[in-house]
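>>> Any chance you can model this:
(chains A, B and C)
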Amino acid sequence: MGEHGNGDRDSGAVITAGEGDKGSYAIDNPGLPPHRPRLADVDEKAAKRAERQVTALFLVSIIGTVVFFVGYFAVGRMDEFDDYFDGMTALRLQNTLLGVGAALAMLGIGLGVVHWAKTLMPDHEIVEDRKPLRTEQDRQEAEKIVTEVVEETQIKRRPLMRNTLIAAALLAPLPGIVMFRDLDRSEDFGVERLRHSLWDEGVRLVRDPTGTPIRAADLTVGSAMHVIPENLREISSHGERLSEKAKAVVLLMRLNPDEFENPEHPEWTHEGIIACSKVCTHVGCPVALYERHTHHLLCPCHQSTFDASQEFKVVFGPAGRPLPQLPITVDDEGFLVAQSDFQEPVGPTYWERGNA
Amino acid sequence: MKALSQKRRHPFAFVALLLLGLLLTGGLYAAATTVNQAQATGDVPDGYSADQVEEGERLFVANCATCHGINAEGSDAGPSLVGVGAASVEFQVGTGRMPMQMQGPQAQQKPPQFNDEQTTQLAAYVASLGAGPAVPDEQYLDVDQGDPARGGELFRINCAMCHNAAGAGGALTEGKFAPSLHGVDEVHIYTAMTTGPQNMPVFSDSNIPPEDKRDIIAFLKTYEAQGSPGGFSLGFLGPVSEGLLIWTLGLALLIGSMVWLTSRSS
Amino acid sequence: MSTPHTPKYTEAQYLEVDQYQPKTRTGRITNYFDQRVGGTSIVKEFGRKVFPDHWTFMFGEVALYSFVIVVLSGAFLTFWFDPSMATTRYSGSYAPLQGLEMSMAYATALELSFDVRGGLFMRQVHHWGALLFVLAMSIHMLRVFFTGAFRKPREVNWVIGVALLLAGMAAGFTGYSLPDEVLSGNGLRIIDGMIKAIPVIGTYISFFLFGGEFPGNEVIPRLYTLHIFIIPAIILILIAIHLFLVVVHKHTQYPGPGRTERNVVGYPVGPVYAAKAGGFFFIVAGILSLISGTFQINALWNYGPYDPSPVQAGAQPDWYIGPFEGVLRLMPGYIGDMSLEFVIPTPWGGNSVATPVLIPMIPIAILFLGMFIWPWLEAWISGDKKEHHLLDRPRNAPTRTAIGAATVVFYCIMWGMGSNDLIATHFQLSLNDITYWSRVLIFLGPIITYILTKRICLALQRKDRETALHGHEAGIIEVSPDGEFHERHSRPDEYELWTLVSYEAPEPSGPQPNAKGKITRTEKFRAWLNRIWWEDRVEPVSREEYLEALEHDHHEPEALGPHTKRELEHNKH
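Predicted coordinates:
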């Protein structure tokens, strides 16, 4: 790429393809083909017909605008309908009328004007010469001006001044970047918060979204249940609740206990009931598709597949880690509770995650 | 509690727990099978007549026993039907999935091969084999009593990940798929939830109570009836079908107009 | 410097401005404006400026017009849409969501759809327009690439075009995320996951974007500022520069009779081109209205208010993000039992590298980097540093066309993978099989395409050559008196012939010594690429060959059979 300018620098001339073309091809450029008159050029009847067609298209446009107004005013708004389904039908009708009306209004003008241009406006092709983008003299003058200007500033002769200017100019934009620091004003700023979720020893597993606690017996073999921690509802701020929920969502499944293959942590399950984080370890989509016979969990976003019978080992797709398992047990009242928080941060891998 | 949790880390705790677990599950399993056997002795299940059971058995032996075994005990070609309940038959036979046309990743829906009466008879027979989910009460299928907004919320949490937010269906692994829910009968939506056909998880009444199931069905039926207000729905598939439309119809309309615009008038 | 200043203009010249007496009405209006804003020079410059006419030149216009339509419809939407994440209980007309807690953003997007007349229509115009905007830019860019319109002096304008494509995609994605429903929320979640995968700074970028942990309650208003202010402003500025440079360079044109590197052949702005281009705006608007009135897009009421728990099958981005989604799906996270993720051990416990997310970013980065530097890269390889105003017919630049086609195939495989779940359900295939096949095809597909395309281009060039020398097959079989059959050929007229023969196909140049007379290693590498670029070539018909062929025609001796003719021709080459 560096060579790009090299060729021209000495000469200042611009080489254009096709220079000295004459004679280099099999034949010489024959020039524009002769102009062939259109029907409308020679036949006044054809010209009249074209005029009528253009006029008709403009009329279509006017009709289109009327259709639009009919759709807007005659159909009415959805809340004016007593019956919900009638309202939806009306909305669809309105949308169609607005669309078709606007389409006719626009296409009428567009097609009409273009037809006019094609049939009645002159159709002789015109040859215009390209202006050379710049002359050699221009560039020399420009170069001279720039050199003089630089010279007059004396910037080359006074390096101290120049260097401090560069330093200042480099530093000056920094406040503009630093000012964005408060984009995140959280009290618990830092990566540590990604390690913890609301789950803790004794926190009950409750159904999402109803919030009812779960007994072991509520799950039959082959069941899957979407679960949140009971203490989630104690968070009043909507945004904070969503952020906590985003780390705490859990999928609860019941398998036959003998279907587990060499579990490393059998004590984290309860009578075949096993719980995992729903947040994919790939980029964080909820992994919620559970196939009860294969015990496969599929993420619908990028199709990472995890095997519930092998402690959520990755069996397919882009995820690079198993889903974190939530250790569970039952409390005195027979409800399912967490034994602890997840043993590792949930969700996608981040730089500071380490061995966790 | 604390002492127990400390003891749990004891090296032998694992073995003890495992033993306990095995004992418990073994015991439970034994108990469950005896219950099933007790039921399978030919008791007529609630809501069915002895004639229906008998007729159902005849139909079963003629049409289903090849795969499911002569006593519905299962074979290599098909699972045992003991304890799957009448709801399973209602779903599998009622939607035409059973009898299966051919072995494949999963049973395909097709026009039902048995009429309602025969389906009920088969259901009666299978219900007589062991306790299982029953065909739901009419009141839980009456969508007018359901709350579509609540049902929608439940649907999005429990169902949309496989069946798509608009119930249009979606892909599972290895050629399996979650079917579209459009036009599916209320009773079949309900029984699919209670029985978990194919690879679908079971949503028993203790997980999603019957009233909630009714809300879900109400949502689906409302959704179906309201249509797509913005025009053709493009299969409710979302951005992929929209992209396809703009790259086909949209582009064709554009290129057509461009070619016309730049062509010479005759 | 103390010499008195001599005025450059005379007093009379200054007074001249008020002395012009216009005779027509138009003249008076022109005069009024010229005295105040100097409008005549613009009219003089543009009034009869010539633009070449070809249908493939109109994709850029489509992009411009759909951008205008998107800006207008988007401005309409802002009057109702409230990009706030504050919660409200929905009480609008859409029954299946009534009573649910949701953000103001989602509630007002629903209000726009169901309770503002024409709101749904404008939302659909806005969204379809956005899809069309990026589509038109993409095809415009393909046209520019395959015809070589990016070559000197238009390299900078090509780069601006690539930047516009990126900005268009950014505008689309930020807009996709605004309604704050489950679909777009999960889209943002994927972005969050990808940002977190960036080494060293990723986690903090995510915190700053979301104002804390994902999703928080800050991100929608921030995306809104980007979507309606910063990105459109960038696009506007880039479009202004892009169009300014088009005027400076004048439009390129296809090779053909009467067209040279020194001229532009086409229609003048006034009236033909202005009428056609102006009319075309209405046609584009009409097509978009028609589609928006009849096809539903982004039925956001299906997805429900954003909640981190739900997700739905068919969770996909708009089409232009599809390849990014696809390449993420394509990448395996494990090879055998070995995870591709790893941890760099450090004194403070180790840093994680999310390889399965980072590796797919590489082809995307190469793709865009390649697009940015392509004009200079190609000039460096081919050694062609001349100005070009005449376009290449794609067949006459076989290597470039082949590289372009291979890239398109590469893109399409990623793109297809972005919808592999729908391909699986609609063609009854296994999701996993599609992925396995695509992992192979992503490497093989482009290679096969490259070879095939290059062969096809060369074959088409040979056919052109054949036609130039021997004419078209007329479809008339003649029998000579001695019983031999042969087909009559009709010669192309000189206008067609010119198009067929006027191209260049230089021989590979070999390594060139630099100023010190040395051949550097880089130069050897360049020469190697240069050989690949030019070695398969079909020379244009030379004057001698053509004259000989003409000669031949006159004597078309019946005695010579077709075999002999072919042999004769063979010897010529």
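>>> what domains does the record give for chain A?
Using automatic domain parsing, the domains assigned to chain A come out as A:39-119, A:194-351.
>>> Can you tell me which of those is most buried?
Per residue and on average, the most neighbours among the domains of chain A fall to domain A:194-351, with a mean of 21 (mean count of other C-beta atoms under 10 Å in any protein chain shown). Heads up, the C-betas are built off the backbone N, CA and C, glycines and all.
>>> what pLDDT, on average, does that one get?
The average pLDDT within domain A:194-351 is 91.
>>> In JSON lines, list the domains of chain A along with distance to C:T499.
Output for the domains of chain A, formatted as JSON lines (distance: least, C-beta to C-beta, whole Å):
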{"stretch": "domain A:39-119", "distance to C:T499": "24"}
{"stretch": "domain A:194-351", "distance to C:T499": "49"}
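>>> okay if I get those domains as CSV plus distance to chain C?
CSV is the format used below for those (distance: least, C-beta to the nearest C-beta, whole Å):
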stretch, distance to chain C
domain A:39-119, 1
domain A:194-351, 3
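>>> Okay, domains of chain C per the record?
Taken from automatic domain parsing, chain C resolves into C:11-46, C:50-255+C:267-327, C:393-573.
>>> Tell me which of those domains sits most buried.
domain C:50-255+C:267-327 (a mean of 21).
>>> ok so C:I477 is a strand residue?
Yes. Counting by DSSP: H, G, I helix; E, B strand; the rest coil, C:I477 is found in a strand.
>>> Tell me the bridge partners for it.
C:E487 (DSSP bridges).
>>> Now the residue in chain C that chain A sits nearest to. Nearest residue, chain neighbours left out?
Proximity of chain C to chain A (C-beta to the nearest C-beta) peaks at C:G293, 1.0 Å away. Nearest non-adjacent residue to C:G293, counting by C-beta to C-beta, 6 or more residues apart in numbering or on different chains: A:G99, 1.0 Å away.
>>> So that neighbour is in contact with C:L288, correct?
No. The pair A:G99 / C:L288 is not scored as a contact, 9.2 Å apart, by C-beta atoms under 8 Å.
>>> my guess is the residue of chain C closest to chain A contacts A:R92, does it?
No. Using C-beta under 8 Å, C:G293 makes no contact with A:R92, being 10.1 Å away.
>>> Need the pLDDT of the residue nearest to the spatial centre of chain B.
Nearest to the geometric centre of chain B sits B:A192, at 2.8 Å (C-alpha atoms, centre = their mean). At B:A192, the pLDDT value in this model is 90.
>>> Also the one 5 residues further on?
You'll see B:P197 listed with a pLDDT of 87.
>>> ok, it - contacts?
B:88, B:91-92, B:97, B:107 (C-beta atoms under 8 Å, 6 or more residues apart in numbering or on different chains).
>>> quick one: secondary structure of A:E128?
strand.
>>> got a list of what it touches?
A:E128 neighbours (C-beta under 8 Å, 6+ apart): C:49-50, C:250, C:263-266.
>>> what about 6 Å?
C:50, C:264 (C-beta atoms under 6 Å, 6 or more residues apart in numbering or on different chains).
>>> Pull up the residues of the stretch 151-266 of chain B that are close to chain A.
B:153, B:157, B:161-162, B:172-173, B:196, B:199, B:201-202, B:204, B:206-207, B:225-226, B:229-230, B:261, B:265-266 (C-beta under 6 Å from any C-beta of the partner chain).
>>> where's the residue nearest to the centre of chain B, which helix or strand?
Element membership of B:A192 [criterion: DSSP states H and E] is helix B:186-195.
>>> which other helices and strands contact that helix?
Applying 3 or more C-beta pairs under 6 Å, 6 or more residues apart in numbering or on different chains; DSSP states H and E, one finds that helix B:186-195 contacts helix B:85-94, helix B:210-226.
>>> what's the next secondary structure element after the shortest one?
Next along the chain after helix B:85-94, taking DSSP H and E as the criterion, comes helix B:116-129.
>>> beta partners for A:D307?
A:D307 forms beta bridges with A:H296, A:K313, as assigned by DSSP bridges.
>>> got a list of what it touches?
Contact analysis of A:D307 by C-beta under 6 Å, 6+ apart lists A:295, A:313, A:315.
>>> just those now: which is nearest C:A474?
Closest to C:A474 out of these is A:V315 (64.4 Å), distances taken as C-beta to C-beta.
>>> is it true that that closest one touches A:T305?
Yes. Between A:V315 and A:T305 there is a contact under C-beta atoms under 6 Å: 5.0 Å.
>>> separation between the residue of chain C closest to chain A and A:V67?
To A:V67, C:G293 is 10 Å away according to C-beta to C-beta, to the nearest Å.
>>> got it, and B:Q101?
Taking C-beta to C-beta, one finds B:Q101 at 50 Å from A:V67.
>>> now do C:M141
Distance from C:M141 to A:V67, by C-beta to C-beta: 37 Å.
>>> Lowest average pLDDT across the helices and strands packed on helix B:186-195?
Here the helices and strands packed on helix B:186-195 differ in mean pLDDT, and the lowest is helix B:85-94 at a mean of 84.
>>> And the contacts of that one?
Identification of contacts with helix B:85-94 by C-beta under 6 Å, 6+ apart yields B:98, B:114, B:119, B:122-123, B:126-127, B:132-135, B:188, B:191-192, B:194-195, B:197.
>>> Give me the neighbour count for the closest residue to C:K152 other than its chain neighbours.
Using C-beta to C-beta, 6+ apart and skipping the chain neighbours, the partner closest in space to C:K152 is C:E387 (5.2 Å). C:E387 has 19 neighbouring residues, counting by other C-beta atoms under 10 Å in any protein chain shown.
>>> which residues does C:E387 bridge with?
Beta-bridge partners recorded for C:E387 (DSSP bridges): A:T16.
>>> which helix is the longest one in chain C?
Taking DSSP state H as the assignment, the helix of chain C that covers the most residues is helix C:431-470.
>>> what about stretch A:194-208, near chain B?
Yes. For stretch A:194-208, a contact with chain B is found by C-beta under 6 Å from any C-beta, at A:D208.
>>> how long is that stretch end to end?
Its start and end residues considered, stretch A:194-208 measures 22 Å (C-alpha to C-alpha, to the nearest Å).
>>> and the most centrally placed residue in chain A, which of the three is it?
Here the mean C-alpha position of chain A is nearest to the C-alpha of A:C301 (C-alpha atoms, centre = their mean), at a distance of 13.5 Å. When classified by three-state DSSP, A:C301 comes out as coil.
>>> any weak-confidence spans in chain B?
Residues of chain B meeting the criterion pLDDT under 70: B:1-42.
>>> and chain A, which of its residues are near chain B?
A:38-39, A:85, A:88, A:91-92, A:95, A:114, A:118-119, A:208-209, A:218, A:220, A:222-226, A:257, A:267, A:288-293, A:296, A:298, A:300, A:305.
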